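Visitor: no sequence on this one, just coordinates:
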């Protein structure tokens with residue numbers, strides 16, 4: 001092979017090499033960029049990542065901050081998750097009034113778990129005596145982990 005062709009091929013290979021070795025952006029980096037641009041689903045995903053320590057150091061305060069941004073934009077699962085965070089005091093100061101506000105927002109959109117937590121589930125009406133306070137306390141402990149996983153699985 002003539003020297004000129006070998007030189008051109010070598011130059012081409014070197015020019016393209018940095019692109020070939022560039023790492024793919026992490027899921028966290030992708031979510032961070034989209035969240036910074038105001039995308040509610042990405043804000044919820046970023047919050048879930050912080051809450052679970054998935055791809056980033058666990059930080060409940062940052063999780064609550066991002067999830068609250070998504071909830072304010074109407075992201076339903078984030079609204080329920082934020083309500084549970086306020087109910088349990090995870091990442092935010094415990095505030096039952098604020099938790100109820102977010103459960104109410106989700107219930108107004110027909111979210112069945114929020115309706116049940118508020119004691120507004122029409123299916124349970126007239127049924128066996130039920131402690132909604134106990135259920136709400138239990139839900140506030142279970143919802144953050146379960147909903148965070150659900151959000152992470154959402155495309």
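Guide: Thanks, I have it. Only a predicted model underlies this, so the values are computations on that prediction, with no experimental measurement involved.
Visitor: and the longest helix for this protein?
Guide: If you go by DSSP state H, the chain has its longest helix at helix 132-153.
Visitor: which parts of it are buried?
Guide: Residues of helix 132-153 classed as buried by neighbour count (16 or more other CB atoms under 10 Å): 136, 139, 140, 143, 144, 147, 148, 151, 152. In short, each C-beta sits where N, CA and C put it, glycine included.
Visitor: show me the contacts for the closest residue to residue 64 other than its chain neighbours.
Guide: Nearest residue to residue 64, sequence neighbours excluded (CB to CB, 6 or more residues apart in numbering): residue 91, at 3.3 Å. For residue 91, the contact set (CB atoms under 8 Å, 6 or more residues apart in numbering) comprises 51, 60, 61, 62, 63, 64, 65, 85.
Visitor: Count the residues that sit near the fifth one.
Guide: Here the neighbour count serves as a burial measure; for residue 63 (other CB atoms under 10 Å) it reads 27.
Visitor: Check which helix or strand it maps to.
Guide: Using DSSP states H and E, residue 63 sits within helix 60-72.
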